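Undergrad: Below: sequence and its predicted model.
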Amino acid sequence: MRTSMKNIAIVLIIGFLSISGAVNSARSQVDKQSKYREVLHLGRGLIRDIAWSPDGRILAVGGSQGLWSYTPDFQDISHFNSEVRYVVSIAWSPDGKRIATSNTDSTTDIWEILTGQIITTFRTDAAFLAWGPDGTKLASAGHEVHIYDVENGDLLYTLEGHSLPLSGLSWSVDGKLAAASRSGKITLWDTNTGENLAQILASDEGEVYALTWSPDGAVLVGAISDIENTIVRQSLVFWDARTYEVITILDVIDGVYNIEWNSDGNQLAGSLSNGDVRIWNYPTNQPQGDLVSISASAVTSMAWQPNAKNLTIARLDNQLEIWDISSNEMIHQFDGHSSQVDQVAWSPNGEFLALSTRLGNLPLIKVLDASTGALVIAFRPEKAQNPVIGLEWSSDGRFLATASYFSETILVWSVEDLQASPILQLTHEGHVINFEWIPNEQKIVSVYIIGDATRVLVWDTAHGNPLTDLANKFANVSSLAWSPDGQMIATSLENGLVEIWDAQSYQPLLPLEDESQRDLLAWSPDSKFLAGFKCRSQFSDCALRIWATDTGQLLGTSATGVDYPISVAWSPDGKFIADGGDLAIGGNNGGLNPDAVHIWDADTGELLTTINFTDDVTRVSWSPEGSYLAASSWDGSVRVWQLGEIPPATLPTPAPNQR
């Protein structure tokens, strides 16, 4: 039996590096008992599935940050955190006392709702779950279809005869289990014996997107896409559950991708390709109307609220909507769940956190109060269609600069007086891959790609003009980093070589001893040392390396590797180095997703702390005084920790308005 962790766990993994020589003998030794206390957790994560409890009192939402439960008006009930894996599918037991979740680490958990305890875990790669009508069995479908005994966790049957890949699973009230596949076939089994009852060829050349039994078990309906004489035909097909004969076919021009019966069996909801949801009355099969949302985002999951005329819709942009079907009006909308967070950065005065997330597929910039997480400003870069690759404050904190993937433009925003407006567009001849403000100057240096070549420009942000073209100096540069004292530039070349240059003359000072093979560089705050990663294979098992910048001497290399390091930052006091990536210990660390923040002792090279996430850590950022560390992640969160001698047991559960 495992106990649910409602707190955000911090896993301590202690490893030692063979650092030859001290980086700075004058620094004090790091307190080995120091811990990181999480003080802010923003974002509830991405939504993967939703389901109402049988009594209609609890809405369960599963996704990148575990399992959330809400009242019908979206008040918090509980949060069961999965720590290192997504919840991809959820299903309530018929009595409403338990809920099953399938997870990205190829496990399925049975949770007891009242206690928050996991009572059973199955090792299965389920994408779909379905409870048996008596609540004693659970079916899972991934590459295989299994039936388990819920009480003891025994595997009862591995069902055969289905086609891959599977696209739906549904258990009828009289005990039949149906599985749909993208190959156009539906397979049915007797769940008491495991016997294959029938296989329905729903589509010769198309797919079955979804299927569901009517509440009385008399009808099976599937959302079908077929090709007839080179013409795509999309429809709902109804079969008689006894004879498996087609009862009727409803053509749906827009295509149907999710289907759900209401508990009375007299209405069927289907999500359309344009983001609307259509309601059909049954058995007349007449459409009652479409639920037309202001969001153009696709529907990812739907759930009828039992004993009510309400339908809940989850969308790709992680919005939740509740619709009154009697009036076809939206009565509740909840935006507490978040999209992927691509960047986070502290303001120079430490008062604000800037982050880039997404509104649908479009980038959205937010500036938050760093102490409370309250929104101060939100703005969207116009015409930007891709996620943000860079979010940087000017040294005086008056401006923010942003750039998106495959964009030729860096936008500079004024954020004075709690307002945001673009004041400059720094337009390049190719797409920007890296940029930063030059310390203590109103200048930006940018790296961009034109054709097969990389070029470097220095911009005057006071007037928006390029000052210096460094293409002849910095050939084949993939990234660069200006030293905090403004006197040196570190560059990483496409071949992995790291070099240090004079920032005034742009002349090379010295090459470092070895190749980095990863375009991540971080200066120590006193500009005396440079940190980077050397990978044993491409972006995998990357060792942290530290050089002295006056001699180019390699001072040390870590014994512990990090997979796919994405961001690295030196603490302002010079004692710590933080990175975001995958810890390379034993391959995939026993099957768990090892996306994490790693915090290293910059003096001894000891790995002090590993903080797990459920998806890529996209950026780490220290507060200016160095007592706080922020990290953003594609799991939809921004998390902030405070350094202090606080035991892990005292970690608080973040308040609902901080998640």
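TA: Perfect, thanks for sending it.
Undergrad: any idea which helix or strand comes after the lowest-mean-pLDDT helix or strand in the chain?
TA: None of the helices or strands of the chain scores lower by mean pLDDT, DSSP states H and E than strand 18-19, at a mean of 28. Sequence order places strand 35-42 as the next helix or strand after strand 18-19, per DSSP states H and E.
Undergrad: What pairs with that following strand, parallel or antiparallel?
TA: As defined by DSSP bridges, the strand partners of strand 35-42 come to strand 638-644 (antiparallel).
Undergrad: What segments of the stretch 351-500 of the chain are strands?
TA: 352-359, 362-369, 375-379, 388-393, 399-404, 409-414, 421-427, 431-437, 443-450, 453-460, 465-469, 477-482, 488-493, 497-502 (DSSP state E, counting those that start in this stretch).
Undergrad: So which elements touch the fourth one?
TA: With contacts taken as 3 or more C-beta pairs under 8 Å, 6 or more residues apart in numbering; DSSP states H and E, strand 388-393 sits against strand 343-346, strand 352-359, strand 362-369, strand 399-404, strand 431-437. Where C-beta positions appear, they are placed from N, C-alpha and C, glycine not excepted.
Undergrad: Next, format the ones you listed as TSV and append mean neighbour count, mean pLDDT and distance to residue 305.
TA: Formatted as TSV, these follow (neighbours: other C-beta atoms under 10 Å; pLDDT from 0 to 100; distance: least, C-beta to C-beta, whole Å):
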stretch	mean neighbour count	mean pLDDT	distance to residue 305
strand 343-346	23	96	36
strand 352-359	23	92	27
strand 362-369	20	91	30
strand 399-404	24	93	39
strand 431-437	20	94	46
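Undergrad: With distance to residue 470 as extra columns, can I get those strands in CSV?
TA: What follows is the helices and strands packed on strand 388-393, written out as CSV (distance: least, C-beta to C-beta, whole Å):
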stretch, distance to residue 470
strand 343-346, 25
strand 352-359, 27
strand 362-369, 28
strand 399-404, 18
strand 431-437, 13
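Undergrad: Touching stretch 432-441 from outside, list them.
TA: Here stretch 432-441 makes contact (C-beta atoms under 8 Å, 6 or more residues apart in numbering) with 389-390, 392-395, 401, 403, 407-410, 443-449, 454, 458, 478-486, 503, 519.
Undergrad: and the nearest residue to residue 70 once chain neighbours are set aside, how many neighbours?
TA: Distance criterion C-beta to C-beta, 6 or more residues apart in numbering; nearest residue to residue 70, sequence neighbours excluded, is residue 59 at 4.7 Å. Residue 59 has 24 neighbours, counted by other C-beta atoms under 10 Å.
Undergrad: Residue 59 and residue 51, how far apart?
TA: Counting by C-beta to C-beta, to the nearest Å, the separation of residue 59 from residue 51 is 8 Å.
Undergrad: ditto for residue 255
TA: 24 Å.
Undergrad: The two: which is more packed in?
TA: residue 51 (21 against 18).
Undergrad: Could I get the contacting residues of that one?
TA: 59-60, 90-92, 99, 303.
Undergrad: Low-confidence regions, the stretch 301-450 of the chain specifically.
TA: In the predicted model, the stretch 301-450 of the chain carries pLDDT under 70 at residues 382-384, 418.
Undergrad: change it to 90
TA: 307-309, 317, 335-336, 338-339, 358-363, 379-387, 405-406, 415-423, 450 (pLDDT under 90).
Undergrad: The stretch 51-200 of the chain too?
TA: 81-85, 105, 124-125, 143, 151-153, 162-164.
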